[in-house]
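In: I'd like to go over a predicted model; first the sequence, then the structure.
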Amino acid sequence: GAFGACVGVGGGALIAPVVASAAKTVPQRVVSGTSLVAVVGTASASAGTFAREGLTDYAAAALLGGAATLSAPLGARMTARMDCAALRRTLAWFLAGAAPMVPLKAVALRARESGEGGKEKFDAAASAPTLVAVGATAGFASGLLGIGGGTLVTPLLALVSPLPQAAVLGTSLLAMLPPSVVALGTHYRMGNVDPRMGAALAVGTALGGAFGSSFAVDAPRGALEAVFFFGMLFLSNRTFRSLRK
(Lines give C-alpha, C1' and ligand atoms only; values in the text may rest on other atoms or scores of the structure.)
Protein backbone atom coordinates (compact mmCIF):
# COMPACT_ATOMS: atom_id res chain seq x y z
CA GLY A 1 0.00 0.00 0.00
CA ALA A 2 2.78 2.44 0.89
CA PHE A 3 4.70 1.55 -2.27
CA GLY A 4 1.62 2.05 -4.45
CA ALA A 5 0.75 5.40 -2.94
CA CYS A 6 4.29 6.71 -3.28
CA VAL A 7 4.62 5.99 -6.99
CA GLY A 8 1.00 6.32 -8.15
CA VAL A 9 0.16 2.66 -8.69
CA GLY A 10 -2.43 0.65 -6.82
CA GLY A 11 -0.07 -1.70 -5.06
CA GLY A 12 -1.13 -4.73 -7.07
CA ALA A 13 1.99 -4.30 -9.22
CA LEU A 14 3.99 -5.28 -6.14
CA ILE A 15 1.61 -7.82 -4.62
CA ALA A 16 0.58 -9.80 -7.72
CA PRO A 17 4.08 -11.01 -8.67
CA VAL A 18 5.10 -11.62 -5.04
CA VAL A 19 2.03 -13.77 -4.39
CA ALA A 20 2.47 -15.54 -7.74
CA SER A 21 6.06 -16.37 -6.83
CA ALA A 22 5.44 -17.33 -3.19
CA ALA A 23 2.18 -19.27 -3.67
CA LYS A 24 2.77 -21.32 -6.79
CA THR A 25 -0.21 -23.57 -6.06
CA VAL A 26 -2.62 -20.64 -6.37
CA PRO A 27 -3.88 -20.20 -9.96
CA GLN A 28 -2.70 -16.97 -11.59
CA ARG A 29 -6.28 -15.90 -12.28
CA VAL A 30 -6.94 -16.03 -8.51
CA VAL A 31 -3.74 -14.08 -7.86
CA SER A 32 -4.83 -11.47 -10.41
CA GLY A 33 -8.34 -11.19 -9.00
CA THR A 34 -7.39 -11.10 -5.33
CA SER A 35 -4.59 -8.59 -5.93
CA LEU A 36 -7.20 -6.08 -7.03
CA VAL A 37 -8.30 -5.87 -3.38
CA ALA A 38 -4.90 -4.31 -2.70
CA VAL A 39 -5.40 -1.86 -5.57
CA VAL A 40 -8.77 -0.76 -4.20
CA GLY A 41 -7.42 -0.49 -0.64
CA THR A 42 -4.42 1.59 -1.65
CA ALA A 43 -6.35 3.90 -3.97
CA SER A 44 -9.17 4.44 -1.47
CA ALA A 45 -6.83 5.39 1.37
CA SER A 46 -4.37 7.50 -0.60
CA ALA A 47 -6.67 9.33 -3.03
CA GLY A 48 -8.31 11.13 -0.13
CA THR A 49 -4.96 12.40 1.15
CA PHE A 50 -3.99 13.87 -2.22
CA ALA A 51 -7.46 15.37 -2.69
CA ARG A 52 -7.33 17.13 0.70
CA GLU A 53 -4.03 18.71 -0.35
CA GLY A 54 -5.58 19.99 -3.60
CA LEU A 55 -3.42 17.61 -5.64
CA THR A 56 -6.10 16.09 -7.88
CA ASP A 57 -7.35 17.08 -11.34
CA TYR A 58 -10.94 15.87 -11.20
CA ALA A 59 -11.71 16.39 -14.89
CA ALA A 60 -8.71 14.33 -15.98
CA ALA A 61 -9.55 11.66 -13.40
CA ALA A 62 -13.11 11.43 -14.71
CA LEU A 63 -11.96 10.92 -18.31
CA LEU A 64 -9.29 8.38 -17.37
CA GLY A 65 -11.50 6.54 -14.92
CA GLY A 66 -14.53 6.45 -17.20
CA ALA A 67 -12.62 4.85 -20.06
CA ALA A 68 -10.84 2.44 -17.74
CA THR A 69 -14.12 1.38 -16.11
CA LEU A 70 -15.44 0.26 -19.49
CA SER A 71 -12.32 -1.70 -20.44
CA ALA A 72 -11.49 -3.29 -17.05
CA PRO A 73 -14.15 -6.06 -17.28
CA LEU A 74 -12.80 -7.04 -20.70
CA GLY A 75 -9.36 -7.59 -19.22
CA ALA A 76 -10.82 -9.57 -16.31
CA ARG A 77 -12.70 -11.89 -18.67
CA MET A 78 -9.54 -12.55 -20.65
CA THR A 79 -8.00 -14.30 -17.64
CA ALA A 80 -10.35 -17.24 -18.22
CA ARG A 81 -8.94 -17.71 -21.75
CA MET A 82 -5.25 -17.74 -20.81
CA ASP A 83 -3.27 -20.40 -18.95
CA CYS A 84 -1.27 -19.63 -15.81
CA ALA A 85 2.09 -19.56 -17.58
CA ALA A 86 0.83 -17.12 -20.20
CA LEU A 87 -0.55 -14.79 -17.55
CA ARG A 88 2.68 -14.83 -15.55
CA ARG A 89 4.72 -14.17 -18.69
CA THR A 90 2.43 -11.26 -19.60
CA LEU A 91 2.80 -9.84 -16.09
CA ALA A 92 6.60 -10.15 -16.20
CA TRP A 93 6.90 -8.33 -19.53
CA PHE A 94 4.43 -5.69 -18.38
CA LEU A 95 6.49 -4.91 -15.27
CA ALA A 96 9.73 -4.78 -17.26
CA GLY A 97 8.20 -2.33 -19.71
CA ALA A 98 6.74 -0.15 -16.96
CA ALA A 99 10.04 0.15 -15.04
CA PRO A 100 11.49 3.14 -16.96
CA MET A 101 8.19 4.99 -17.31
CA VAL A 102 8.11 6.78 -13.97
CA PRO A 103 11.74 7.96 -14.16
CA LEU A 104 10.85 9.24 -17.62
CA LYS A 105 7.98 11.08 -15.98
CA ALA A 106 10.41 12.88 -13.65
CA VAL A 107 12.60 13.92 -16.58
CA ALA A 108 9.56 15.28 -18.41
CA LEU A 109 8.40 17.22 -15.38
CA ARG A 110 11.82 18.78 -14.79
CA ALA A 111 12.04 19.81 -18.43
CA ARG A 112 8.59 21.32 -18.23
CA GLU A 113 9.34 23.19 -15.03
CA SER A 114 12.54 24.69 -16.47
CA GLY A 115 10.70 26.17 -19.44
CA GLU A 116 8.23 28.98 -19.62
CA GLY A 117 5.36 26.53 -19.97
CA GLY A 118 6.08 24.94 -16.62
CA LYS A 119 3.30 26.83 -14.87
CA GLU A 120 0.63 26.44 -17.56
CA LYS A 121 -2.77 25.11 -16.55
CA PHE A 122 -3.68 21.66 -17.80
CA ASP A 123 -6.83 21.58 -19.96
CA ALA A 124 -8.20 18.06 -19.56
CA ALA A 125 -10.99 18.66 -22.11
CA ALA A 126 -8.49 19.55 -24.83
CA SER A 127 -6.56 16.36 -24.09
CA ALA A 128 -9.68 14.19 -23.85
CA PRO A 129 -8.84 11.77 -26.73
CA THR A 130 -5.41 11.05 -25.26
CA LEU A 131 -6.75 10.64 -21.74
CA VAL A 132 -9.50 8.27 -22.92
CA ALA A 133 -6.98 6.13 -24.84
CA VAL A 134 -4.65 5.95 -21.82
CA GLY A 135 -7.55 5.12 -19.51
CA ALA A 136 -8.89 2.34 -21.73
CA THR A 137 -5.46 0.70 -22.00
CA ALA A 138 -4.86 1.01 -18.26
CA GLY A 139 -8.27 -0.42 -17.40
CA PHE A 140 -7.71 -3.47 -19.58
CA ALA A 141 -4.31 -4.06 -17.97
CA SER A 142 -5.81 -3.68 -14.51
CA GLY A 143 -8.47 -6.29 -15.15
CA LEU A 144 -6.16 -8.74 -16.91
CA LEU A 145 -3.12 -8.60 -14.65
CA GLY A 146 -4.65 -7.70 -11.27
CA ILE A 147 -2.58 -4.51 -10.99
CA GLY A 148 -3.49 -0.88 -10.74
CA GLY A 149 -3.83 0.81 -14.09
CA GLY A 150 -1.89 3.65 -12.51
CA THR A 151 1.29 1.85 -13.60
CA LEU A 152 0.42 3.13 -17.07
CA VAL A 153 -1.63 6.21 -16.21
CA THR A 154 0.90 7.80 -13.83
CA PRO A 155 3.82 8.17 -16.26
CA LEU A 156 1.68 8.84 -19.32
CA LEU A 157 -0.34 11.54 -17.56
CA ALA A 158 2.91 13.24 -16.60
CA LEU A 159 4.04 13.21 -20.22
CA VAL A 160 0.85 14.79 -21.59
CA SER A 161 0.22 17.31 -18.81
CA PRO A 162 2.01 20.06 -16.86
CA LEU A 163 0.73 18.69 -13.54
CA PRO A 164 3.32 18.44 -10.74
CA GLN A 165 4.29 14.94 -9.69
CA ALA A 166 2.13 14.84 -6.57
CA ALA A 167 -0.93 15.92 -8.59
CA VAL A 168 -0.18 13.22 -11.17
CA LEU A 169 -0.15 10.64 -8.36
CA GLY A 170 -3.39 11.90 -6.83
CA THR A 171 -5.19 12.08 -10.18
CA SER A 172 -3.99 8.65 -11.26
CA LEU A 173 -5.00 6.93 -8.02
CA LEU A 174 -8.45 8.51 -8.05
CA ALA A 175 -8.97 7.63 -11.72
CA MET A 176 -8.07 3.97 -11.18
CA LEU A 177 -10.38 3.44 -8.21
CA PRO A 178 -13.67 2.91 -10.14
CA PRO A 179 -12.27 0.52 -12.80
CA SER A 180 -10.43 -1.47 -10.13
CA VAL A 181 -13.70 -1.91 -8.21
CA VAL A 182 -15.44 -3.02 -11.42
CA ALA A 183 -12.66 -5.46 -12.30
CA LEU A 184 -12.65 -6.82 -8.74
CA GLY A 185 -16.40 -7.43 -8.94
CA THR A 186 -16.00 -9.27 -12.24
CA HIS A 187 -13.24 -11.47 -10.83
CA TYR A 188 -15.32 -12.18 -7.72
CA ARG A 189 -18.28 -13.36 -9.80
CA MET A 190 -15.90 -15.60 -11.75
CA GLY A 191 -14.58 -17.17 -8.54
CA ASN A 192 -11.15 -15.56 -8.90
CA VAL A 193 -10.98 -13.91 -5.45
CA ASP A 194 -9.73 -15.58 -2.26
CA PRO A 195 -11.76 -13.91 0.56
CA ARG A 196 -9.25 -14.67 3.34
CA MET A 197 -6.27 -13.40 1.38
CA GLY A 198 -8.28 -10.41 0.16
CA ALA A 199 -9.28 -9.35 3.68
CA ALA A 200 -5.67 -9.35 4.84
CA LEU A 201 -4.58 -7.38 1.78
CA ALA A 202 -7.38 -4.84 2.27
CA VAL A 203 -6.33 -3.99 5.82
CA GLY A 204 -2.61 -3.87 5.07
CA THR A 205 -2.83 -1.81 1.90
CA ALA A 206 -5.29 0.69 3.38
CA LEU A 207 -2.91 1.41 6.25
CA GLY A 208 0.09 1.49 3.95
CA GLY A 209 -1.69 3.71 1.44
CA ALA A 210 -2.55 6.28 4.09
CA PHE A 211 1.07 6.40 5.27
CA GLY A 212 2.61 6.33 1.79
CA SER A 213 0.45 9.12 0.38
CA SER A 214 1.33 11.38 3.32
CA PHE A 215 5.02 10.71 2.68
CA ALA A 216 4.72 11.17 -1.10
CA VAL A 217 3.37 14.70 -0.77
CA ASP A 218 6.71 15.90 0.64
CA ALA A 219 9.12 13.24 -0.67
CA PRO A 220 12.46 14.47 -2.09
CA ARG A 221 12.64 14.61 -5.87
CA GLY A 222 13.95 11.47 -7.50
CA ALA A 223 13.53 9.14 -4.52
CA LEU A 224 10.15 7.73 -5.51
CA GLU A 225 11.12 7.30 -9.17
CA ALA A 226 14.21 5.30 -8.18
CA VAL A 227 12.15 3.01 -5.94
CA PHE A 228 9.69 2.38 -8.77
CA PHE A 229 12.38 1.66 -11.38
CA PHE A 230 14.38 -0.84 -9.34
CA GLY A 231 11.30 -2.36 -7.75
CA MET A 232 9.68 -3.11 -11.09
CA LEU A 233 12.85 -4.63 -12.51
CA PHE A 234 13.24 -6.84 -9.44
CA LEU A 235 9.65 -8.04 -9.57
CA SER A 236 9.79 -8.66 -13.31
CA ASN A 237 12.92 -10.76 -12.90
CA ARG A 238 11.39 -12.68 -10.02
CA THR A 239 8.27 -13.47 -12.04
CA PHE A 240 10.33 -14.63 -15.03
CA ARG A 241 12.34 -16.90 -12.73
CA SER A 242 9.14 -18.46 -11.36
CA LEU A 243 8.26 -19.55 -14.91
CA ARG A 244 11.45 -21.59 -15.15
CA LYS A 245 10.84 -23.54 -11.95
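Out: Right, received. Where do you want to start?

In: Run through the neighbouring helices and strands of the helix or strand containing Glu225.
Out: Following DSSP states H and E, one finds Glu225 within helix 223-243. Contacts defined by 3 or more Cβ pairs under 8 Å, 6 or more residues apart in numbering; DSSP states H and E place helix 223-243 against helix 2-7, helix 12-22, helix 84-98, helix 101-114. C-beta: built from backbone N, CA, C; applies to glycine.

In: okay, the angle between that helix and helix 84-98?
Out: Compare the direction of helix 223-243 with that of helix 84-98 by axes from the mean of the first three to the mean of the last three Cα atoms, to 10 degrees and you get 150 degrees.

In: what's the helix or strand where Leu173 lies packed up against?
Out: Per DSSP H and E: Leu173 is located in helix 165-189. With contacts taken as 3+ Cβ pairs under 8 Å, 6+ apart, helix 165-189 sits against helix 2-7, helix 28-52, helix 58-78, helix 101-114, helix 128-145, helix 150-160, helix 195-217.

In: if we go to 6 Å?
Out: The contact analysis (3 or more Cβ pairs under 6 Å, 6 or more residues apart in numbering; DSSP states H and E) places helix 165-189 against helix 28-52, helix 58-78, helix 128-145, helix 150-160.

In: Rebuild the ones you listed as CSV, extending it with distance to Lys121, mean neighbour count and mean pLDDT.
Out: Formatted as CSV, the helices and strands packed on helix 165-189 follow (distance: least, Cβ to Cβ, whole Å; neighbours: other Cβ atoms under 10 Å; pLDDT from 0 to 100):
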stretch, distance to Lys121, mean neighbour count, mean pLDDT
helix 28-52, 18, 27, 79
helix 58-78, 11, 23, 86
helix 128-145, 15, 24, 83
helix 150-160, 14, 26, 75
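
In: The helix holding Leu173 versus helix 128-145: what angle between them?
Out: Interaxial angle, helix 165-189 versus helix 128-145 (the same axes, to 10 degrees): 50 degrees.

In: can you give me the end-to-end distance of stretch 139-150?
Out: Stretch 139-150 has an end-to-end distance of 9 Å (criterion: Cα to Cα, to the nearest Å).

In: oh sorry, the question was meant for stretch 139-152
Out: Stretch 139-152 end-to-end distance (Cα to Cα) = 9 Å.

In: Also compute the angle for the helix holding Glu225 relative to helix 150-160, please.
Out: Going by the same axes, to 10 degrees, helix 223-243 makes 140 degrees with helix 150-160.

In: now helix 223-243: mean pLDDT?
Out: The average pLDDT within helix 223-243 is 77.

In: Return the set of buried residues in that helix.
Out: Neighbour-count burial for helix 223-243 flags Leu224, Glu225, Phe228, Phe229, Gly231, Met232, Leu235, Ser236, Arg238, Thr239, Phe240, Ser242 (criterion: 16 or more other Cβ atoms under 10 Å).

In: Those residues into TSV, with extra columns for distance to Asp218?
Out: TSV is the format used below for these (distance: Cβ to Cβ, whole Å):
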residue	distance to Asp218
Leu224	11
Glu225	15
Phe228	17
Phe229	21
Gly231	20
Met232	23
Leu235	26
Ser236	29
Arg238	31
Thr239	32
Phe240	35
Ser242	36
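
In: Which of those sits closest to Met176?
Out: Distance to Met176 across the buried residues of helix 223-243 (Cβ to Cβ) is lowest for Phe228, with 15.6 Å.

In: and the gap between the closest one and Ala51?
Out: To Ala51, Phe228 is 22 Å away according to Cβ to Cβ, to the nearest Å.
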